[in-house]
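A.B. asks: Generate a structure from the sequence data that follows.
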Amino acid sequence: MLELPIEAREYQASDPGGSDELRVQYVVEGVLDLATWARDSVALALPDKILCRPDCAGLCPVCGKNLNDEPHTHEQEPGDSRWAALEELRERL
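C.D. replies: The predicted structure is shown next:
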């Protein structure tokens, strides 16, 4: 179970006028879409990588094997030949 403290709040001016900065996408005609607001708040608070325990190595992003059971690395795959010109430019800079 992942315990996730979430602090989220939204502000919409009572008369935002033409300014989009003072409008909130979750309030439509004075009604708060609470489900969408809560979902987005949780999604933004989630860590980039969810692990089963703090010392977990995770899964290999290439083959999906459990890195706790079988630590390994993969050789770097050759890049797409269509990007070769940009790669040469990056090496010169």
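A.B. asks: Just say helix, strand or coil for the residue nearest in space to the middle of the chain.
C.D. replies: Nearest to the geometric centre of the chain sits residue 48, at 6.0 Å (CA atoms, centre = their mean). Secondary structure, DSSP: H, G, I helix; E, B strand; the rest coil: residue 48 is coil.
A.B. asks: likewise the one 5 residues further on?
C.D. replies: Assigned with three-state DSSP, residue 53 falls in the coil class.
A.B. asks: residue contacts, it?
C.D. replies: Applying CB atoms under 8 Å, 6 or more residues apart in numbering, we find residue 53 in contact with no residue. (Each C-beta comes from the backbone N, C-alpha and C, glycine too.)
A.B. asks: ok, and what's touching the longest helix along the chain?
C.D. replies: The residue-count maximum for a helix in the chain (DSSP state H) belongs to helix 34-45. Contact with helix 34-45 is made by 4, 5, 6, 8, 10, 26, as judged by CB under 8 Å, 6+ apart.
A.B. asks: out of those residues, which is most surrounded?
C.D. replies: Highest neighbour count within these: residue 26, with 17 neighbours (other CB atoms under 10 Å).
A.B. asks: okay, the closest residue in space to it that isn't next to it in sequence: pLDDT?
C.D. replies: In this structure, residue 26 finds its nearest non-sequential neighbour in residue 37, 4.3 Å apart by CB to CB, 6 or more residues apart in numbering. You'll see residue 37 listed with a pLDDT of 91.
A.B. asks: just residue 56 next, same as before
C.D. replies: So, for residue 56, pLDDT stands at 93.
A.B. asks: Is it correct that it is in contact with residue 68?
C.D. replies: Yes. With contact defined as CB atoms under 8 Å, residue 56 counts as touching residue 68 (6.3 Å).
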